[in-house]
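Chemist: Provided below for reference: sequence and predicted model.
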Amino acid sequence: MARPFSQEHQRVRPSSKEDAVVIRAQEHFERTLVRVKGELVGSVAALDHPGRSGEANYGEVFLRDNVPVMIYLLLQGRYEVVRNFLSVSLELQSNDIKTRGVFPTSFVEQDGVVLADYGQRSIGRITSVDASLWWPILCWLYVKRSRDMEFGASQQVQRGVQLLLDLVLHPTFEGTPVLFVPDCAFMIDRPMDVWGNPLEVEVLLYGCLRSCCHLMELAQRDRMSRLLHQRIELTQEWMHDLRSFLLKHYWVTSKTVQVLRRRPTEQYGDHQHENEFNVQPQVIPPWLQDWLENRGGYLIGNMRTGRPDFRFYSLGNSLACLFGVITAPQQRALFRLVLHNRDHLMAQMPMRICHPPMEGDEWMNKTGSDPKNWPWSYHNGGHWPSLLWYLAGAVLLHEQRHPEADVLLMGQMRAMMEECYWAQLNQLPRQQWAEYFDGPTGTWVGQQARTYQTWTIVGFLLLHHMLRVNPSQVSLIDIETH
Ligand code: GLC
């Protein structure tokens, strides 16, 4: 693929205003926190939002937007706020017969009543699967950090976990370990042809099952139960199958693509396993050749019969490192890929959410002509500063787990993160902490971007914390350790 923006990043320079920017960001962050029933519970999605006049919901507490918020609060030792957030969300877990176990996308207190949105009020009336999968992960991170084992083993939490597991671990027509979801079921919550088994949802499912196991083990320690023991074993088995499925069908490198291109098609029967999804070689896009280079690798966006999605999704891939879905050598292959494609993925505002964008007829048909997801905008190739800290976390956690491995590569990754940090530090305050950025280099403030977007602000603060204050504390987001 053409590399039209090379060397752009070298213009970024350190700024002497670092301390002042961080202090201002901390002040903005404090203003995002809101109360429910008198207690602090989390952050609104954005400080400046037209929702003030009624029509949008950026004034609500979104579960997904609060992931970095909760991690930041855990780092600061503000455990009560995290516990309140977890408790309020848990009380709102659906009991309705058709959505039993689902956690809300967002909630808000209005006239003393807590209103939850499970998707039925949102634009497009979409589902939000990721919020439900994030809840146990956040709960486990809270328990692990605060040592509040009592909360983890409590009846409410254990009941919530069981309800959620009933929702995700059930027989399906496909009989696969992946979760089948409609379009718009996660951070990308507008039509983008991400229905089926999108990477972010599947990786979150893995993290969710892992965290549910940890939480169930807490209860098992208190009161041995045969049923619970079986449930833990079943969940572990499902997790194992899910990981094998993702590694087999989603992981690509230059080598595996060459195998994929020469596979037989139209295979019938259970003894032929080379091309279970009957993928025709023509669907492998030519841009993959330069994108993967010699030693790069990544998890593709989706696998569906005949129609894999080869787009690169930053969040799904970063989470796959953090949760240990991909192995250490695979993580380094992913880092090489990011370095090789940094002019696309980072450019002027790290980092792009999804690459490449859909254009022309493809955009028209697959997004339903969505003007917000115009090529190079919003979810369709836009740049979201809130995503960078997840990748930085993956890099630092990798260094912590494997300090001796490929020091040259890891040094390059560190240097890149450092430059990306300065890029954000220089631009975000000037651009009022915008939600997203548009265009092939991510220079323009998103056409419909909110300003003072919480996860932009707190994502930067997390990045600052991990790069400047205490890199070793990245272990807080490691779901594996106790
Ligand atoms: C938009 C984003 C979604 C986010 C929400 C609140 O709908 O697409 O991911 O959670 O805004 O910030």
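Modeler: Noted; the coordinates are in hand. Numbers count the residues shown, from 1 in each chain.

Chemist: Residue of the stretch 1-150 of the chain closest to the ligand, please.
Modeler: Ala45 (3.6 Å; C-beta to the nearest ligand atom). Any C-beta I mention is one placed from the backbone N, CA and C, and that applies to glycine too.

Chemist: What is the neighbour count of that residue?
Modeler: 23 (other C-beta atoms under 10 Å).

Chemist: From what I see, it and Arg64 are in contact.
Modeler: No: applying C-beta atoms under 8 Å as the test, Ala45 and Arg64 come out as separate, 9.3 Å apart.

Chemist: residue ranges for the strands of this protein, please.
Modeler: Remark: strands assigned in the chain by DSSP state E are 33-36, 39-43, 46-48, 61-62, 106-110, 113-117, 251-253, 297-299, 312-313, 354-355, 437-438, 444-445, 451-453.

Chemist: For the last one, buried residues please.
Modeler: Neighbour-count burial for strand 451-453, counted by 16 or more other C-beta atoms under 10 Å, picks out Thr451, Tyr452, Gln453.

Chemist: And for stretch 79-93?
Modeler: Quick answer for stretch 79-93 (16+ other C-beta under 10 Å): 79, 81-90, 92-93.

Chemist: okay if I get the residues you listed as a markdown table plus distance to the ligand and pLDDT?
Modeler: Listed next are the buried residues of stretch 79-93 as a markdown table, based on distance: C-beta to the nearest ligand atom, whole Å; pLDDT from 0 to 100:
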| residue | distance to the ligand | pLDDT |
| --- | --- | --- |
| Tyr79 | 24 | 98 |
| Val81 | 19 | 98 |
| Val82 | 19 | 98 |
| Arg83 | 22 | 98 |
| Asn84 | 20 | 98 |
| Phe85 | 15 | 98 |
| Leu86 | 18 | 98 |
| Ser87 | 21 | 98 |
| Val88 | 17 | 98 |
| Ser89 | 14 | 98 |
| Leu90 | 20 | 98 |
| Leu92 | 16 | 98 |
| Gln93 | 19 | 98 |
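
Chemist: In CSV: the buried residues of strand 451-453, plus distance to Asp189.
Modeler: Formatted as CSV, the buried residues of strand 451-453 follow (distance: C-beta to C-beta, whole Å):
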residue, distance to Asp189
Thr451, 20
Tyr452, 20
Gln453, 15
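
Chemist: Just put those in CSV and tack on pLDDT and distance to Thr176.
Modeler: Output for those, formatted as CSV (pLDDT from 0 to 100; distance: C-beta to C-beta, whole Å):
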residue, pLDDT, distance to Thr176
Thr451, 96, 42
Tyr452, 97, 42
Gln453, 98, 36
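
Chemist: Near the closest residue to the ligand within the stretch 251-400 of the chain, how many other residues are there?
Modeler: Closest approach between the stretch 251-400 of the chain and the ligand, counting by C-beta to the nearest ligand atom: His379, at 6.5 Å. Residues near His379, counting by other C-beta under 10 Å, number 23.

Chemist: ok, for it, nearest residue in space, not its chain neighbours?
Modeler: Once flanking residues are discounted, His379 sits nearest to Ile188: 4.6 Å by C-beta to C-beta, 6 or more residues apart in numbering.

Chemist: what do you get for Thr105?
Modeler: Ser128 (3.6 Å).
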